[in-house]
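Asks: A predicted structure for the sequence below; I have some questions about it.
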4 protein chains.
Amino acid sequence: MSVHARKRRAALDRERRREQIVDAAVEVFAGKGYRAASIADIIEKAGVARGTFYLYFTSKEEAFNAVLDRFHARYRAMAARETARNYKNPIGLEKRLRASLLEWLRFLLEDPKLTTIVFRQAAAVDPDYEEKYLEILRAAQAHSIKAIRFLQTIRVLRADLDPGFLNAVFYGTTMQIVLRAIADSRAPDLEAIADQWIRLLRAGVLRARAK
Amino acid sequence: MSVHARKRRAALDRERRREQIVDAAVEVFAGKGYRAASIADIIEKAGVARGTFYLYFTSKEEAFNAVLDRFHARYRAMAARETARNYKNPIGLEKRLRASLLEWLRFLLEDPKLTTIVFRQAAAVDPDYEEKYLEILRAAQAHSIKAIRFLQTIRVLRADLDPGFLNAVFYGTTMQIVLRAIADSRAPDLEAIADQWIRLLRAGVLRARAK
Amino acid sequence: MSVHARKRRAALDRERRREQIVDAAVEVFAGKGYRAASIADIIEKAGVARGTFYLYFTSKEEAFNAVLDRFHARYRAMAARETARNYKNPIGLEKRLRASLLEWLRFLLEDPKLTTIVFRQAAAVDPDYEEKYLEILRAAQAHSIKAIRFLQTIRVLRADLDPGFLNAVFYGTTMQIVLRAIADSRAPDLEAIADQWIRLLRAGVLRARAK
Amino acid sequence: MSVHARKRRAALDRERRREQIVDAAVEVFAGKGYRAASIADIIEKAGVARGTFYLYFTSKEEAFNAVLDRFHARYRAMAARETARNYKNPIGLEKRLRASLLEWLRFLLEDPKLTTIVFRQAAAVDPDYEEKYLEILRAAQAHSIKAIRFLQTIRVLRADLDPGFLNAVFYGTTMQIVLRAIADSRAPDLEAIADQWIRLLRAGVLRARAK
DNA sequence: CATGAATGAGGCTTCATTCAT
DNA sequence: CATGAATGAAGCCTCATTCAT
């Protein structure tokens, strides 16, 4: 094997090894939270030696950041697809909105452990890693609010609702649905949930009364 | 002073001292989270000696449970008042719903540190104190879902929306609003938020289109 | 016992405990040097628990500084006595110089382990604790050079010798004598050494030749 | 190329590689001391791989010994030249002594890093490599004392001064001068220092008094 | 020979809990 | 009851050495 080929292979191996440790870290951080998770837990689950961990991460915090990065990368890809969608055409609007909600739910439930970690930090405010997390959070919020404003501009969403409030509704509700699904560790009927969402979005929750 | 009176006084003092420590614990747990909070932090803030802490709590976990208990007690009182309300009369329904939402927001923002602690654990699932927290959570969920079902029965809420879903909407959205208000550490305009809620509940978020 | 008396006693105990740990630290640092010495070595020798060490010192480095402080305090006391001495009177000058040399040797050999630690650092340049050590070193050098200049002023020492050079002679030679005595772990004949010093100081080392 | 020639060339290459690592080791040990120096430091400076280091040295300690060996070899060469010198002729004695002192100072300052390492260990007594160092030290002392005795025999040096004491004066003073010059990292005026030495040797340091 | 990923013993420090005063 | 010194298990991280490629 040529030197070049060997180096390339080594790089691949290195990346693979790193992923193997991140996989373990996801499991452990999801199970115990950042503080309670120990390096011992991670290396045991990853099946590597203590020193090996530090070949790939300089600290526990960096490993945690790698976990958040993994989520962030997937999130960005998802958000990019989302943005590409065209809401301009009013025909089939609800159908597309429903599809979009479903996709987000599927995305968040695809790797439940990873989602747990990220959502958990929503409130955790741990001074140790707030930085990285807040970066992700801000990006997500900005994306969300921008989308809401756009939908208001093109008159899909009513303009008399505050984007911040709507964002709280979307984000908070989704978070609840996902965390509960994960806690119950059973696959929820996402189609039914999407239907519920559409009903809510379309007509609120109050029973129409005779005027 | 009679023996009986002395004992009562001692009990009162004891209770007062305990509250003093719980006060400190609320501050510290809110500021750092359960794991990062140390007994040293708590006793320093409470102004008691290390040993004294263990005269009132057998462990850090028990002190945390006392904090959750404090929230739980206040929550039960709030829920009791809520339940006493009468939704039967359709006259002024929205006004009463609005008042109710406002009251919950005010309750949750009244002691922001305490609320922070409880909501933070919503996602934290720390094996150390899950027990106590889940108890509170289950009680809250049960209360909420029961209320929703009741409102559906009396035809205030539409029956085609799943109580679990509605609960996620209420709980998740409220949690987001409250946590953000606390994070921004500025008093939000609760009246305006209540108005937003009512608009959402009444007619959803989608702009009505020509049929 | 009154609260005040108890506190005073506690303070005494605390000081005593601290000294006990510093005693152990002196032994260990003298035996292995700063880097090779471990906290485990020190606490074992001191007969205290691991945590106890950190009640008195925030780090290994601080314990080392405490050791240097001990030397520094003794050194300052010694230098103060030295300075008080009067060299003005030319009568009995050599006798007083001899007494002074003897005192320094005795001082340095009084606690050989402590002296070893300090002299070892003369060349060790360990970035970890250089700060504290250099402070001591500079103080000693300043004291020494000042004394030399004074002795030149009052015409005890010849003025055609550079104070820096003379300082190197005094300091270097003394260091050698002391380190060797410690290495051989036998008490040297200090009187004889003092005599050698006086002979050197008085007439150099070269045999007088016929002019 | 013949097998023999190839082997010789390989041996040369091997020797060159080894020297390259020793060069790096000198830098690193001088900069950080034995304990704080890491293999990582050495191989980085030498530009070789981790495993390569262990092809030339079985351990960190052995690399350190190689460094000491380098000094020892140079020292022996220097001492040999020194011994060859003829002090018998009293004519120009001081001039020759001065030349000799100058040569030693130059030798010690020629490779300051190497000298730093060796002198540093004078006091360091690190159990890890005491063996090798003490060997060098004993050789140096023996050489020095033998030279002193010889100079006393031929009546260059006074016989009433103890060779051990004189050795401490020479060794200790030189060490101080050299270490300080290195620490100040400026080339000292060696000629002036030699003059100071001669003055000291010739007539001591005390100002002659009227008898 | 050269490489560098992997190893794990060992070091420093923290902190919940105990207990003698 | 109150105190705070003492404890030691447990956690994070480093680094000399090994070994498969």
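Replies: Ah, there it is. If you're wondering where the values come from, they're calculated on a predicted model, not measured in any experiment.
Asks: so what are the domain limits for chain A?
Replies: Annotated domains of chain A cover A:1-58, A:64-211 [automatic domain parsing].
Asks: the first one close to DNA strand E?
Replies: In other words, domain A:1-58. Yes: interface with DNA strand E: domain A:1-58 contributes A:Ala10, A:Asp13, A:Arg14, A:Arg17, A:Val48, A:Ala49, A:Arg50, A:Gly51, A:Thr52, A:Tyr54, A:Leu55, A:Tyr56 (Cβ under 7 Å from any atom of the strand). Using the backbone N, CA and C atoms, a C-beta is placed for each residue, glycine as well.
Asks: okay, now the last one: neighbour count?
Replies: Using other Cβ atoms under 10 Å in any protein chain shown, A:Tyr56 is surrounded by 19 other residues.
Asks: let me know the helix or strand that the residue lying closest to it once chain neighbours are set aside is in.
Replies: Distances taken as Cβ to Cβ, 6 or more residues apart in numbering or on different chains place A:Arg18 nearest to A:Tyr56, at 4.9 Å, with adjacent residues excluded. Per DSSP states H and E, A:Arg18 falls inside helix A:3-36.
Asks: which helix or strand lies directly C-terminal to that helix?
Replies: Next in line after helix A:3-36, if elements are assigned by DSSP H and E, sits helix A:39-46.
Asks: so what's the gap between that following helix and the chain middle?
Replies: 24 Å (Cα atoms, centre = their mean, to the nearest Å).
Asks: downstream neighbour of that helix in the secondary structure list?
Replies: Per DSSP H and E, the first helix or strand lying C-terminal to helix A:39-46 is helix A:50-56.
Asks: hmm, that following helix touching DNA strand F?
Replies: Yes: counting by Cβ under 7 Å from any atom of the strand, DNA strand F is contacted by helix A:50-56 at A:Arg50, A:Gly51, A:Tyr54.
Asks: dump those residues into TSV; add neighbour count and pLDDT as well.
Replies: Formatted as TSV, those follow (neighbours: other Cβ atoms under 10 Å in any protein chain shown; pLDDT from 0 to 100):
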residue	neighbour count	pLDDT
A:Arg50	11	96
A:Gly51	8	96
A:Tyr54	15	97
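Asks: lowest average confidence, helix or strand, in chain A?
Replies: helix A:112-124 (a mean of 78; mean pLDDT, DSSP states H and E).
Asks: got the residues of helix A:50-56 next to DNA strand F as JSON lines, with distance to B:Glu110 columns?
Replies: Output for the residues of helix A:50-56 next to DNA strand F, formatted as JSON lines (distance: Cβ to Cβ, whole Å):
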{"residue": "A:Arg50", "distance to B:Glu110": "47"}
{"residue": "A:Gly51", "distance to B:Glu110": "51"}
{"residue": "A:Tyr54", "distance to B:Glu110": "46"}
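Asks: list just the nearest of those to DNA strand E.
Replies: A:Gly51 (1.5 Å; Cβ to the nearest atom of the strand).
Asks: gap between the closest one and A:Ile43?
Replies: Going from A:Gly51 to A:Ile43 by Cβ to Cβ, to the nearest Å gives 9 Å.
Asks: what about the residue of chain A found nearest chain D, neighbour count?
Replies: Of all residues in chain A, A:Leu55 sits closest to chain D, at 12.0 Å by Cβ to the nearest Cβ. A:Leu55: 13 surrounding residues under other Cβ under 10 Å.
Asks: local confidence estimate at it?
Replies: Note on A:Leu55: pLDDT of 96.
Asks: again with A:Lys211
Replies: For A:Lys211, pLDDT reads 38.
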